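# Here is a sequence together with a model predicted from it:
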Amino acid sequence: MKLFKIIFLILLFISSFLTIANAGSGPASIYKIQIFKIEFCNNTSTLSSCNGADTVYDDTAGNGSGWIDIASTTAGAAAASLGNISKLEFGKEYTHMQVTMSREFKLSGSAADGSGTTCYTDANGTDSEAATGSETAGDQTEVTLYAAFVSAGLSDGFSGMSSVTDSTPQINEVEAGDTHFQKRMAFDSSFVLKAGKIPTIKVAFGTDTATGATGNMDDGGGDGCGSSGASKGMYAGPPDVSVSWQ
């Protein structure tokens, strides 16, 4: 069975979670994600609607793909192979992709908050709040951080989900308790699978700016990184990814 290596195309979706004011970013030495479903959408699709979908990967009934550590992979190499290309239709035009992922990321890194203080990951966040950090570099460790703050008015391509099988995802918003999300994006050019021509993906990526921090995290008691909440603290930011068809 031929496997379609598209893991890094998915990471493009992460790059537009949310526009966060007064946010900083920094490097991640560990950056783990979980993917549950990958769908290709036909040429009637939009950012808010994946139409005529063909599913190339589905583990919503299981435990997802497992944790995939993007940061530990040599630039340009595939961290994982997901998706059975035989499930796509030959000659069908696909213009969008929809991916279902967990909002929970495993991450170790640092970033400057809104006040300019560099904070290091040493505490877990939740699905409704960002995490506190530490001003001490030696405290940095792998923690659980979440992507996208609880918010409305997000991109049409983003839908928060209360579970991996949520049948009524909320377009444009993330609600407290949302554990997963769908992200849709339009391809730069339409994709048509042709007999005898199995495409491959060329990818370059990095995690130099994959740790996020926003707001003034000073707790007022001498800990410059000791405060967090629904709209401030440390969170999972997007990796740097570029992808081309070949």
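Ah, there it is.

# doesn't T121 make contact with T136?
No - contact status for T136 versus T121: not in contact, 11.5 Å apart, counting by Cβ atoms under 8 Å. Quick note: C-beta positions are derived from backbone N, CA and C, even for glycine.

# higher neighbour count, these two?
T121 (30 against 11; other Cβ atoms under 10 Å).

# Okay, and the beta partners of the more buried one?
For T121, the beta-bridge partners under DSSP bridges are G133.

# Could you report the distance from it to S151?
According to Cβ to Cβ, to the nearest Å, T121 stands 22 Å off from S151.

# Next, count neighbours for the nearest residue to T211 once chain neighbours are set aside.
Among residues not flanking T211 along the chain, G109 sits closest, at 3.2 Å (Cβ to Cβ, 6 or more residues apart in numbering). Using other Cβ under 10 Å, G109 has 30 other residues around it.

# Secondary structure element for G109, which one?
Here G109 sits within strand 104-112, counting by DSSP states H and E.

# just checking, what packs against that strand?
strand 23-26, strand 28-33, strand 118-121, strand 143-146, strand 211-214, strand 233-236 (3 or more Cβ pairs under 8 Å, 6 or more residues apart in numbering; DSSP states H and E).

# and those, which one's lowest on average pLDDT?
Across the helices and strands packed on strand 104-112, strand 23-26 has the smallest mean pLDDT, namely a mean of 81.

# That strand - which strands sit beside it in the sheet, and in what orientation?
Assessed with DSSP bridges, strand 23-26 is paired to strand 211-214 (antiparallel).

# Identify all contacting residues around the strand it pairs with.
Contacts to strand 211-214, defined as Cβ atoms under 8 Å, 6 or more residues apart in numbering, come from residues 20-28, 107, 109-114, 119, 121, 130, 133, 231-237.

# Make a ChimeraX selection of the buried ones in those.
Of those, the buried ones can be selected in ChimeraX as follows, counting by 16 or more other Cβ atoms under 10 Å:
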select :20,23,24,25,26,27,28,107,109,110,111,112,113,114,119,121,130,133,232,233,234,235,236,237
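
# how close does the residue sitting furthest away from the middle of the chain sit to S115?
Distance from the C-alpha centroid of the chain peaks at G221, with 33.7 Å (Cα atoms, centre = their mean). Per Cβ to Cβ, G221 is found 15 Å from S115.

# Do me a favour and get the end-to-end distance for stretch 197-217?
In stretch 197-217, first residue to last residue: 52 Å (Cα to Cα, to the nearest Å).

# With stretch 161-173 instead?
OK, stretch 161-173 end separation, Cα to Cα: 9 Å.

# likewise stretch 113-131?
End-to-end distance (Cα to Cα), stretch 113-131: 12 Å.

# And stretch 170-183, by the same measure?
11 Å.

# can you check stretch 134-143 too?
End-to-end distance (Cα to Cα), stretch 134-143: 12 Å.

# Buried residues, stretch 48-57. List them.
50, 52-53, 56-57.
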